[in-house]
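Trainee: fold the following.
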Amino acid sequence: MGEGGSLTRSGSETDEGSVSAERTPHPALRALRMQRQGISRWHPDPAGECDRVEAIGGG
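Mentor: Residues are numbered from 1 along each chain as shown. Alright, predicted model coming up:
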């Protein structure tokens, strides 16, 4: 390709849909975090709920 044809992204850019995946990247780690805090895997926003619980000092 010519100049300016690069499709690489900087490390600071993120996809909007991958926010919760970036908080706890591996599914097994995400499951352990949810289990430790008593959050169901069927919760509408499990990653957000984990963050909320940690912010208030629970878990």
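
Trainee: any idea how many residues pack against residue 33?
Mentor: Counted by other CB atoms under 10 Å, the residues lying close to residue 33 total 19. Where C-beta positions appear, they are placed from N, C-alpha and C, glycine not excepted.

Trainee: now do the helices in the chain.
Mentor: Counting by DSSP state H, one finds helices in the chain at the ranges 19-23, 27-37, 46-55.

Trainee: with mean pLDDT added, can I get the ones you listed in TSV?
Mentor: Putting these into TSV (pLDDT from 0 to 100) gives the following:
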stretch	mean pLDDT
helix 19-23	53
helix 27-37	88
helix 46-55	89
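
Trainee: check those helices for me and report the most buried one.
Mentor: Mean neighbour count (mean count of other CB atoms under 10 Å) peaks for helix 46-55 among the helices of the chain, with a mean of 16.

Trainee: isn't residue 37 up against residue 57?
Mentor: No: Residue 37 is beyond contact range of residue 57, at 11.4 Å (criterion: CB atoms under 8 Å).

Trainee: what about residue 48, distance to residue 31?
Mentor: Remark: distance between residue 48 and residue 31 (CB to CB, to the nearest Å) = 16 Å.

Trainee: residue 53 contacts residue 39, correct?
Mentor: Yes: contact criterion CB under 8 Å: residue 53 and residue 39 qualify, at 7.0 Å.

Trainee: next, count neighbours for residue 26.
Mentor: Neighbour count for residue 26, taken as other CB under 10 Å: 9.

Trainee: need the pLDDT of it.
Mentor: At residue 26, the model reports a pLDDT of 86.
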